[in-house]
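*Asks:* turn this into a structure:
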Amino acid sequence: QVQLQESGPGLVKPSQTLSLTCTVSGGSITTTYYYWSWIRQSPGKGLEWMGAIGYSGNTYYSPSLKSRTSISRDTSKNQFTLQLSTVTPEDTAVYSCARVEGGSGWYVDYWGQGTQVTVSS
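*Replies:* So this is what the prediction gives:
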């Protein structure tokens, strides 16, 4: 059973960088063909895929967020990290990490519980 757990601050000031870490247990982040993603949901909006880091370390970003987003990983800790720069109140959302199965399609098979991040001064 794969488990994902987000961690990071729940409150970030405008113009600062939001940083969240996802710790994975029950499976390695280097296992073929999984992609480790960040997905958010803002109040009143649908799910928004932000980006992912693949089993080989390649990164993929949503075009709308690419200029502000960076995803990295620490294989020794089996963790991957999201950084979103220059945040505004519009970045207030529940942020979730997830595992995407990319070998036979592209779908989420495991989710973290999600963490609320509020952007406010």
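*Asks:* and residue 97, bridged to which residues?
*Replies:* In this structure, residue 97 bridges to residue 38 when assessed by DSSP bridges.
*Asks:* I'd say it and residue 29 touch.
*Replies:* No - assessed by CB atoms under 8 Å, residue 97 is found out of contact with residue 29, at 10.5 Å. No exception for glycine: its C-beta is placed from N, CA and C like everyone else's.
*Asks:* which neighbours do the two share?
*Replies:* Jointly contacting residue 97 and residue 29 under the rule CB atoms under 8 Å, 6 or more residues apart in numbering are 36, 80.
*Asks:* let me know the pLDDT of the residue nearest the centre of the chain.
*Replies:* The residue lying closest to the centre of the chain (CA atoms, centre = their mean) is residue 38, at 2.3 Å. Note for residue 38: predicted pLDDT of 98.
*Asks:* repeat that for residue 104.
*Replies:* Reported pLDDT for residue 104: 82.
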